[in-house]
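Peer 1: predicted structure and sequence below. I'll ask about it afterward.
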Amino acid sequence: MSKSFALLIGLIPLAVMAQVEQTARWEINTDQEAEVYKVAPADSLGVVVYSKGQGKDVDQIELIRLDTTLKEIWKGYIPVQKSLVIAFAHVFKRKMYLLLNHQTNPLVGFVMVELSVDKGQYISHFIKNIIPFRPTEFISSQGAVMIGGYYNYRPLVLHYSLVTKKSKILPGFFNELGELNQIKVNNDYSIDIIVSARNQQKRKSLWLRNYNQEGDLLKTTVLEPQEKRSLIFGRSAKTPDNQMLVAGVYGRYTEYSRGIFISSVSPFGEYTTRYYNFADLQNFFRFMRVNQEKRVKKRIERRKIKGKKIKFNYRFLVQEIIPYQDQFIMLGEAFYPRYVYRTRNATGGGFYGYNNPLAYQNYTPYRNDQIFDGFQYTHAIVIGFDKEGKVKWDNSFEINDAKSFQLEQFVKIAPSGSRIDLLYFYQNLIRTKIIQGNDVLEGKTADEIKMLSPTDFVNKNDVQPNRLHYWYGKHLIASGFQNIRTSKDRLAEVERRVFFINKIDYQ
């Protein structure tokens, strides 16, 4: 394999306000059949690129550390059993943790590689797995790692101590069927875990459990919804005075959301919950075409005048909550499963509402003539609220060109003084929108990923998959695979396939 690196000088887009620059690029040639490369951002230490490759007797993990200018610092290989696959990677301070699990036998346990980002030395840990489960979450902390997953549809979290080398299932689980919403490590290394499960009235509630860094249960708080409502999903953030803010989506009895809720929870477990219907948000429907948005808002006003309930059903996932000045920002993304027909009619058409997220509930996805074709995203919503849970402003970012076969976070938040940059990366374009509260300072702009050479060309469908990662300070990482051609002609021969990383700076 060969690799290339270059500084990208003077590549400032015409969108002056956005001031998004691509200042460095690194790439490595790879075969079409090669194991997928991935990146683990390591803050100001740089970034670690990793991949699992096949060998004759044993496989090996390839690791490459780059600094913040994307220059290579070190490179190495770790031999692993062929039955092991990399499930997750996470960086905490100066250590990188790679979680590997067995493809065929979950009872065997996990293997975790603890790697020094500075020098590349590593040690391996065998984590006993008394209860067989597939990992869905992995996070590292001071002296411990947590592995989340499900056993018999019941969520659980395994705590492994890097000090005692012992593992245990955190107390408080196995009591109910549910969904693991969040595993979060706080600044004091305590752990907050949120589980969504049904209460005795069959309405979804949120179980908030707080543990110390050794995995001892300190407190459990149950957020109960109002009558005829369910709390479907939630994430949390801590305030400076040790209150917990939980923001998420509520609905009736299905997975469809009808609005946003924000709960303010005191250290003693007392809480207040505020509900905001999607129709109450000023900019929720801005992703629509102008005339469509006007029709929807007129319908809302008519129903309000007549005193009728306003119901909008969306699949909506809260991705993150971050502090911002004297407020907090919640970012969520709306999506819907997309299906294609096995056989189409003569016109290639579908039934009414086929690609409409508002009408998705009008048909069943389990017809024999349909095949799942990924999750289609429509828009992201950004909401600013205070520590009492009162919404101060909201804004939106249309992402209706984004599709993925796995639910993932597309939009990244980049606060810069009084304004907020919203960015996402899809089909070789970095799209940006600048907002300030309810106002849009600059509409959606797009910048192509910069190449090493002006003679390198990439079509939009030649970049799979696309990833945008938080890094350090005012810097992000764009990464993915590209088929690089010798001309802009989409039929031109592919000269090489590369895995690339571009450094993104915003002001």
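Peer 2: In hand now; what should we look at? Numbers count the residues shown, from 1 in each chain.

Peer 1: C-terminal to the strand or helix carrying residue 195, what's the next element?
Peer 2: When elements are assigned from DSSP states H and E, residue 195 belongs to strand 191-198. Note on strand 191-198: by DSSP H and E, the next helix or strand toward the C-terminus is strand 204-211.

Peer 1: could you give the mean pLDDT of that following strand?
Peer 2: Taken as a whole, strand 204-211 has a mean pLDDT of 96.

Peer 1: what lines up beside whichever helix or strand comes after it in the sheet?
Peer 2: Beyond strand 204-211 on the C-terminal side, the first helix or strand identified by DSSP H and E is strand 217-223. The partner list of strand 217-223 in its sheet, established with DSSP bridges, is strand 204-211 (antiparallel).

Peer 1: what about the chain, any weak spots by pLDDT?
Peer 2: Judged against pLDDT under 70, the low-scoring parts of the chain cover residues 1-19, 32-35, 342-368.

Peer 1: which residue ranges make up the domains of it?
Peer 2: When the chain is parsed with automatic domain parsing, its domains come out as 1-34+449-507, 225-445.

Peer 1: name the residues of stretch 128-137 that are buried.
Peer 2: 129, 133, 135, 137 (16 or more other CB atoms under 10 Å). The C-beta positions use only the backbone N, C-alpha and C, and glycine is treated the same way.

Peer 1: can I get those residues in JSON lines including distance to residue 90 and secondary structure?
Peer 2: Listed next are those as JSON lines, based on distance: CB to CB, whole Å; DSSP: H, G, I helix; E, B strand; the rest coil:
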{"residue": "129", "distance to residue 90": "18", "secondary structure": "coil"}
{"residue": "133", "distance to residue 90": "18", "secondary structure": "coil"}
{"residue": "135", "distance to residue 90": "12", "secondary structure": "strand"}
{"residue": "137", "distance to residue 90": "10", "secondary structure": "strand"}
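
Peer 1: can you put these in JSON lines and add distance to residue 446?
Peer 2: Output for the buried residues of stretch 128-137, formatted as JSON lines (distance: CB to CB, whole Å):
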{"residue": "129", "distance to residue 446": "45"}
{"residue": "133", "distance to residue 446": "42"}
{"residue": "135", "distance to residue 446": "36"}
{"residue": "137", "distance to residue 446": "33"}
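
Peer 1: hmm, back to that, in JSON lines, list the domains of the chain along with mean neighbour count and distance to residue 170.
Peer 2: Below are these laid out as JSON lines (neighbours: other CB atoms under 10 Å; distance: least, CB to CB, whole Å):
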{"stretch": "domain 1-34+449-507", "mean neighbour count": "16", "distance to residue 170": "27"}
{"stretch": "domain 225-445", "mean neighbour count": "17", "distance to residue 170": "16"}
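
Peer 1: relative to residue 164, which of the ones you listed is closest?
Peer 2: Proximity to residue 164, assessed across the domains of the chain by CB to CB, is greatest for domain 225-445 (27.1 Å).

Peer 1: how far does that closest one stretch from one end to the other?
Peer 2: Criterion CA to CA, to the nearest Å; first-to-last residue distance in domain 225-445 is 40 Å.

Peer 1: from what I see, residue 203 and residue 230 are in contact.
Peer 2: Yes. The criterion here is CB atoms under 8 Å, and residue 203 meets it with residue 230 at 4.7 Å.
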